[in-house]
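Chemist: Have a look at this prediction, sequence included:
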Amino acid sequence: MRVRLVVNPHSRRGRRLGSRVREELERAGIEVVNADARTDAIVVAGGDGTLSRAIGPAIDLNVPVGIVPLGTFNELARTLAIPSDVAQACAAIAAGNTRTIDVARVNGAYYVNEASIGISSRIARRQRSADKQRWGVFAILMSVLWIFALWRRFRVEVAFDGTSEGLRAVQLTVANSHRFGGVVNVEGAAIDDGWLDLFCVEGMSLRGPVVRRYRSRAFAVTTRRPHRISADGEPAGRTPARFEVVPGALRVFAP
């Protein structure tokens, strides 16, 4: 098998383990080739944000993606039970078993887990690469505390399936998978069910967050003023935006 290896150069673990990933792939009988050479797969050594940037090329080339999880949360790797150990993850790629999953798209940007407007988007923007490299998950926690100090709601119009609703939200998330954000696990959703789930967090009550949930294959979202969108932690433009699922678009090596 010939693969193109993509390593996140801004990741602390990527810089430290990138050469080892190459060695483990070659030890497993996989040839790592240059970006302009013919390839049978793309291997991503990084987190979900690095993976999101490889989705378009993988779809265009009609090749599967291998994942060596080196990110902070590694949501897709956890969803697909891909080992966190570098050697075991490379062995899973060499075994050649693939699973077909859905991907989602917003403003032309692909993602696998979730895209958000509001608190999550602000957290993603506030995280600096240097802080993440130094502090890892603690950098995210510091961003969360800072954002909650600026908690505020915004007006949003959500259109889907011939209807629309006006909402007030502190957070709007459109999820492709049943797990995202490091802690959320949604019952009745899956990464290969052909649906998107939209969650509107309206605020907090004594019982916890007040959340509305909607399900569709596409959502059109507009706001009174443009709001930034993050998709799997990466910038994905601003509102207005259309979120849509692309069923069975990506093959991923998985145990």
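Modeler: Received it, and whenever you're ready, just let me know what you need.

Chemist: going forward, measure contacts and count neighbours with C-alpha atoms only.
Modeler: Fine.

Chemist: list the helices and strands the longest strand seen in the chain packs on?
Modeler: With DSSP state E setting the assignment, residue counts place strand 241-253 as the longest strand in the chain. If you count contacts as 3 or more C-alpha pairs under 8 Å, 6 or more residues apart in numbering; DSSP states H and E, strand 241-253 packs onto helix 48-61, strand 65-69, strand 98-106, strand 218-223.

Chemist: between these, which gets nearest to Ala41?
Modeler: Of all those, the one in closest proximity to Ala41, counting by C-alpha to C-alpha, is strand 65-69 (5.7 Å).

Chemist: quick revisit: any idea which of the helices and strands packed on strand 241-253 is most buried?
Modeler: Each of those was assessed for mean neighbour count using mean count of other C-alpha atoms under 10 Å. The highest is strand 65-69, with a mean of 28.

Chemist: Grab the longest helix from this protein for me.
Modeler: Within the chain, and with DSSP state H defining each element, the longest helix by residue count is helix 12-27.

Chemist: So what touches it?
Modeler: 5, 7-9, 31-32, 45-46, 68, 70-71, 86-87, 90-91, 94, 132-134 (C-alpha atoms under 8 Å, 6 or more residues apart in numbering).

Chemist: tilt between it and strand 65-69?
Modeler: Between helix 12-27 and strand 65-69, the angle comes out at 130 degrees (axes from the mean of the first three to the mean of the last three C-alpha atoms, to 10 degrees).

Chemist: Against the centre of the protein, work out the most remote residue.
Modeler: In the chain, counting by C-alpha atoms, centre = their mean, Leu206 sits farthest out from the average C-alpha position, at 30.5 Å.

Chemist: how about it, phi and psi?
Modeler: Main-chain torsions, Leu206, degrees, to the nearest 10: phi -60, psi -20.

Chemist: re the thing from before, mean confidence score for the longest strand of the chain?
Modeler: Per-residue pLDDT values over strand 241-253 give a mean of 98.

Chemist: what does stretch 37-55 give?
Modeler: Averaged across stretch 37-55, pLDDT comes to 95.
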